[in-house]
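> below are the sequence and a predicted model; questions follow.
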Amino acid sequence: RVNCVVDYFGPSSFAGMSASKEASEKGALFQFIGKSYADAPDLWAEASPLTHVSSKSAPLLAIHGAADTLVPIRQSEILVEKLKNAGVEAALHRVDGAPHGFHNSLATEDAQRAWKAALEFLHRHLQPR
């Protein structure tokens with residue numbers, strides 16, 4: 001069983017990403033799923049994390065830049081909301097003005113705060129009982 005999840009700007013509804021380049025033959029989601037959204041919308045839905053949220057889901061901390069144009073922050077907002085509605089601990093660490101991949105520059109205060117939030121979350125959930 002997964003004890004917890006730290007999600008850095010990941011998509012939660014692949015169908016919600018279908019209008020982007022991810023649905024083309026060059027996109028990461030197409031490569032992962034093997035078919036375009038137009039050819040297999042049910043497969044895209046089944047592969048989406050949102051489809052599998054339940055009361056047994058692991059606690060989640062989503063970290064997302066509000067200026068992310070590759071994976072809109074709405075993807076994380078919806079996932080956190082659905083987990084909370086299922087009774088699962090979930091939180092969004094929103095980084096205003098940050099683009100996709102902002103964590104790659106540890107020199108920024110935003111990236112450092114996000115890493116600190118992730119480490120605190122992991123420490124809290126992964127301590128031996």
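Received the coordinates, thanks.
> give the buried residues for the lowest-mean-pLDDT helix or strand in the chain.
Ranked by mean pLDDT, DSSP states H and E, the weakest helix or strand in the chain is helix 28-33, scoring a mean of 88. Going by neighbour count (16 or more other C-beta atoms under 10 Å), the buried part of helix 28-33 is 29-30, 33. Heads up, the C-betas are built off the backbone N, CA and C, glycines and all.
> just put these in TSV and tack on distance to Leu50.
What follows is these, written out as TSV (distance: C-beta to C-beta, whole Å):
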residue	distance to Leu50
Leu29	14
Phe30	19
Ile33	15
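> now do the least confident helix or strand of the chain: distance to the chain's middle.
The chain centre lies 16 Å from the centre of helix 28-33; the measure is C-alpha atoms, centre = their mean, to the nearest Å.
> after it, next one along is what?
Scanning forward in sequence from helix 28-33 by DSSP states H and E, the next helix or strand is helix 41-47.
> tell me the strands in the protein, going along the chain?
Counting by DSSP state E, the chain has strands at residues 5-8, 60-65, 90-95.
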